[in-house]
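Chemist: sequence below, structure please.
(3 chains, ligands or ions: 2)
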Amino acid sequence: MASLRKIKERLTCSAMMMLTIASGLLLFVISLGLLLRSREILEMKPIMELLTSSVWKPGRGEFGFWPFIAGSLWVTLLSALLAVPVSLLCAVYLSEYASRTVRAIAGPVLDMLSGIPSVVFGIWGVLALVPLVKDYIAPMTGRFSSGYTVLTAGIVLAVMIVPLIVHVALSVLRSVGNDLRDASLSVGATRWQTVKLVVLRKAVPGLAAAVVLGISRAFGETMAVIMVAGNVAKAPKGLLSPAYPLPALIANNYGEMLSIPLYDSALMFAAFLLLAVVIIFNIAARLILKKMENIR
Amino acid sequence: MDNSLEISETPHLRVRGLNVYYNGHHALKNISLDIPDKKITAIIGPSGCGKSTLLRTFNRLIDTIEGVKVKGEVMIDGVNIYDPKVEVTAIRRKMGLLSQRPCPLPMSIFDNVAYGPRIHGERGRQNLRNIVESNLRHVGLWEEVQDRLHKPASELSIGQQQRLCLARGLAVEPEIILGDESTSALDPVSSKKVEERFLELKNEYTIILVTHILRQAKRLADYVVFLYMGELIEHGPAAELFANPKESLTREYLTGIIS
Amino acid sequence: MNWRKIEEEFFLVMMRLASLLILAAFLAIMGTVIYYGLPALSWEMIFSAPKGGFYLGKEGGVANAIVGTFYLACGATIVSLIIGLPVTLVLNVFLKRGSKLAEFIRFSFDVLWGVPSIVYGAFGFTLMLYMGMRASLLWGIITVALVVLPAMCRAIDEVMRMIPGELQDASLSVGANKCETAFKVFARQALPGIVTATLISFGRAAGDAAAVLFTTGFTDAVPTSLAEPAATLPLAIFFQLGTPFPEVQQRAYASALILTALILLVSIAARLTGSRLSKYVIK
Ligand SMILES: Nc1ncnc2c1ncn2[C@@H]1O[C@H](COP(=O)(O)OP(=O)(O)OP(=O)(O)O)[C@@H](O)[C@H]1O
Ligand SMILES: [Mg+2]
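Modeler: Numbering: from 1, shown residues only, chains lettered A, B, ... in the order given. Ligands and ions are numbered 1, 2, ... in the order given. Here you go, the predicted structure:
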């Protein structure tokens, strides 16, 4: 009997171990899979040309990713510009000033906001923001716009990454010990001075990590962006031009990609590019957070 | 030790009918107390009896805790600090706090000491340098750190950090020093150094220490306050209270029956 | 100094405004979804599949997408639980505290958690072609299971990490082996956390669109087997909103309302079990 029990344990043990190691390799496997699939195009074209050329004509074998990279940069940076100040102010408010009642409301609201699926953000963008940009904001600058613009996508993305940044920033601020606040207050500093000179100073790396995580989330977001960005394969010239970010490119063309040579390889290269950027951002942010007391 | 202990008519710190509630939990019950000036007062009592709470009411750090209600008066120089008109930062400035674990601010040694004066508007470089030097000398740290003033304070040893925190508190020229088990995280040598500082400082400052080490209280205190379950059981000159306590609870605590 | 007060007041006002702005955005989204979705919602919408092609309008509702979402989210959650539970048990029971391997795997989940679902979609698609298969419910489940796996593992791990080491010692010292300790003691102790993790993953799986875009296909029929393609609510919203027919757009609005309600319910349930859970955790 005892030996049967032992064998059973051995088997389960090793099966579980293998599963664990496999899941540890998942990131590597995904990267490798996408890289292998993009090998075809990487062998045909120099990587610099792929990244910097603006000509996107898959039918003629021209794959210049610059319009999409530029589109991604525009919408991501705009969303960060909008979301970062708002999120950080909100996080500081919730951790340092807000009463228990406010916190009790803010928690579930942020939770729900982060739970809303991206298509629903997209539908909000289409129904509420696109008309706003088209009928009010664009005419103010004296230009015509369809409403499907960098600006629209930036706003939608900003709202989407706010809960993430607030969440991480809040755990960073909470990890700053209360004795530190007490020490500062006890020499007669005001609350704001304490926040500005002590708490934020201690929290800066962690807050930077929160921002990086937010940016990386915006960079990879697909469905909401595809619905509101306009998807014109040209590098945007301003806030009111349409954009065609990388994730939208991948999602929009999966149907036809198998019928054109190199097209599928090009799209997988785009996915790989996306993954590489996101991995770098995430590793950097997570290393910082790990260093600051294992925040998740 | 100075046994001729008399509390003046108008002490620095006077507590009247003080009650503190944490979300309804009655943590301090109707405390009335005068703290003698320029002496060391020790607050003793078993864990959870409200020592830290009492100390935090003195500089209104209690305000930072969620759900706390304070009733009654704490008078400093005759002014009730819980009066809504009172400027909290001015109160806190009058009292240096030395917490249980040393807590250097995330900046250099120099900036730690200069933190308070800068907060209160001191900008002159030479002035700041003088303040930093004299306060570091005051706590006996100057010799040890004078050649690395601009290194992060976290690089100091724990004992040095605690003295740095004392210097930081002294730099805003307080009148009262509050210590909450300030030596409990230190090794014996470092805590002896800190104790020596207290004995020296009591000529200029009113010092209030929370401690759960009876021997430390005997070594340092001129005046002793004994709390039990949020109630003030007994207070009086140290020599008297330790020699013949009036209350049976005090006697039991001193002999180690309750802890 | 008065200036100091002004500075503090200024920032306080900014912080309040920022927080209100976030609340306003949330309310605006909910408002939009309800404003457009409620009039479009009807029993027919919920209980019947589209009758004129999902792209073409005519009668019918989004029953196909509701059922598809349910199948897909359940399937993906179960698959990721089947992978995630053993993995977190290994991390917390089999590997020693502070083990380098455990650290590495936790870290890799943290990073995977940040990988966008379109990348999982592209990878799942690659894998599917490699296996020579076609878009189906099965591949949707596999892909989405990968998407939610990091969230699932992180949430379970968080709870398991709070279980004190003495519990493991106690179990081992009565002669139980590691497996028994893992499944009988740890899994049970972490049960409320596992429930929360499952709910969170379910919500994420139901709302995901980018990963299923490549792998699940889309159909008007209610799926009857794993090998068939399936519709999901997020995809229904995406496709139907893009049509020029108002009737079809109505379906998108209704789908958005149903999906949002479903996910908020799940999120509230997760929060409730989560707060109830703190009672069980020995600190
Ligand atoms: N933040 C808080 N919230 C709720 N109750 C608290 C809080 N802080 C302290 N208490 C309660 O108030 C009472 C007094 O606590 P206090 O910290 O003052 O005790 P203490 O005498 O300093 O104990 P110790 O010697 O352990 O430091 C205790 O019963 C404690 O549980
Ligand atoms: Mg205490």
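
Chemist: show the pLDDT at the residue of the stretch 101-250 of chain B found nearest chain C.
Modeler: Minimum separation of the stretch 101-250 of chain B from chain C (C-beta to the nearest C-beta) falls at residue B:121, amounting to 6.4 Å. In short, each C-beta sits where N, CA and C put it, glycine included. Looking at residue B:121, its pLDDT reads 88.

Chemist: assign a three-state SS to it, would you?
Modeler: With DSSP: H, G, I helix; E, B strand; the rest coil as the basis, residue B:121 sits in coil.

Chemist: ok, residue B:28 next?
Modeler: strand.

Chemist: shouldn't it be in contact with residue B:18?
Modeler: Yes - using C-beta atoms under 8 Å, residue B:28 is in contact with residue B:18, at 5.9 Å.

Chemist: in the chain, where is pLDDT below threshold?
Modeler: All of this is about chain A. A:1-2, A:293-296 (pLDDT under 70).

Chemist: you looked at the wrong chain, it should be chain B
Modeler: If you take pLDDT under 70 as the line, chain B has these spans: B:1-10, B:259.

Chemist: and for chain C?
Modeler: Ranges of chain C meeting pLDDT under 70: C:1, C:52-59, C:275-283.

Chemist: excluding its backbone neighbours, what's nearest whichever residue of the stretch 101-250 of chain A sits closest to ligand 1?
Modeler: Going by C-beta to the nearest ligand atom, ligand 1 is nearest to residue A:178 of the stretch 101-250 of chain A, at 9.8 Å. Distance criterion C-beta to C-beta, 6 or more residues apart in numbering or on different chains; nearest residue to residue A:178, sequence neighbours excluded, is residue B:64 at 7.6 Å.

Chemist: just residue A:93 next, same as before
Modeler: residue C:15 is the one closest to residue A:93 (C-beta to C-beta, 6+ apart), at 3.6 Å.

Chemist: ok, the one you found - contacts?
Modeler: A:89, A:90, A:92, A:93, A:97 (C-beta atoms under 8 Å, 6 or more residues apart in numbering or on different chains).

Chemist: residue C:25 now?
Modeler: A:113, A:159, A:162 are the contacts of residue C:25 under C-beta under 8 Å, 6+ apart.

Chemist: again with residue B:160
Modeler: Residue B:160 neighbours (C-beta under 8 Å, 6+ apart): B:141, B:144, B:145, B:190.

Chemist: gap between it and residue B:132?
Modeler: 15 Å (C-beta to C-beta, to the nearest Å).

Chemist: ok, now residue B:70?
Modeler: From residue B:70 to residue B:132 the distance is 35 Å (C-beta to C-beta).

Chemist: thinking again about what came up before, can you redo the contacts of residue B:160 as a markdown table with neighbour count?
Modeler: Below are the contacts of residue B:160 laid out as a markdown table (neighbours: other C-beta atoms under 10 Å in any protein chain shown):
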| residue | neighbour count |
| --- | --- |
| B:141 | 24 |
| B:144 | 14 |
| B:145 | 21 |
| B:190 | 19 |
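
Chemist: of those residues, which are in range of chain C?
Modeler: Applying C-beta under 8 Å from any C-beta of the partner chain, the subset of the contacts of residue B:160 adjacent to chain C is empty.

Chemist: count the residues that sit near the residue in the stretch 51-200 of chain C that ligand 1 sits nearest to.
Modeler: Nearest residue of the stretch 51-200 of chain C to ligand 1, counting by C-beta to the nearest ligand atom: residue C:162, 21.0 Å away. Look at residue C:162: counted by other C-beta atoms under 10 Å in any protein chain shown, it has 17 neighbours.

Chemist: repeat that for residue B:70.
Modeler: Residue B:70: 19 neighbours (other C-beta under 10 Å).

Chemist: kindly report the same for residue C:47.
Modeler: Residue C:47 has 12 nearby residues by other C-beta under 10 Å.

Chemist: hmm, it is touching residue C:61, no?
Modeler: Yes - taking contacts as C-beta under 8 Å, residue C:47 lies within contact range of residue C:61: 6.5 Å.

Chemist: now the helices for the stretch 151-283 of chain C?
Modeler: Counting by DSSP state H, counting those that start in this stretch, the stretch 151-283 of chain C has helices at residues C:165-173, C:178-180, C:187-189, C:191-207, C:212-215, C:233-241, C:246-277.

Chemist: any idea which of those helices gets closest to residue A:128?
Modeler: helix C:246-277 (12.3 Å; C-beta to C-beta).

Chemist: now for that closest one, which elements pack on it?
Modeler: helix A:100-115, helix A:118-124, helix C:2-40, helix C:43-47, helix C:63-89, helix C:191-207, helix C:233-241 (3 or more C-beta pairs under 8 Å, 6 or more residues apart in numbering or on different chains; DSSP states H and E).

Chemist: quick one, what contacts residue B:125?
Modeler: No contacts exist for residue B:125 under C-beta under 8 Å, 6+ apart.

Chemist: distance-wise, check it relative to residue B:105.
Modeler: 20 Å.

Chemist: residue C:10 now?
Modeler: Applying C-beta to C-beta to residue C:10 and residue B:105 gives a distance of 24 Å.

Chemist: repeat for residue C:166
Modeler: If you go by C-beta to C-beta, the gap between residue C:166 and residue B:105 works out to 37 Å.

Chemist: how about the residue in the stretch 51-200 of chain C that chain A sits nearest to, phi and psi?
Modeler: Using C-beta to the nearest C-beta, the point where the stretch 51-200 of chain C gets nearest to chain A is residue C:116, with a distance of 2.6 Å. Main-chain torsions, residue C:116, degrees, to the nearest 10: phi -70, psi 150.

Chemist: name the nearest residue to it, sequence neighbours excluded.
Modeler: Using C-beta to C-beta, 6+ apart, the nearest residue to residue C:116 is residue A:220, at 2.6 Å.

Chemist: tell me which residues touch that neighbour, please.
Modeler: Residue A:220 neighbours (C-beta under 8 Å, 6+ apart): A:247, A:274, A:278, C:114, C:115, C:116, C:118, C:119.

Chemist: for the helix or strand hosting the first one, name the packing helices and strands.
Modeler: Read that as residue A:247. Counting by DSSP states H and E, the element that carries residue A:247 is helix A:246-252. Contact analysis of helix A:246-252 by 3+ C-beta pairs under 8 Å, 6+ apart lists helix A:66-92, helix A:223-228, helix A:263-291, helix C:117-130 as its packing neighbours.
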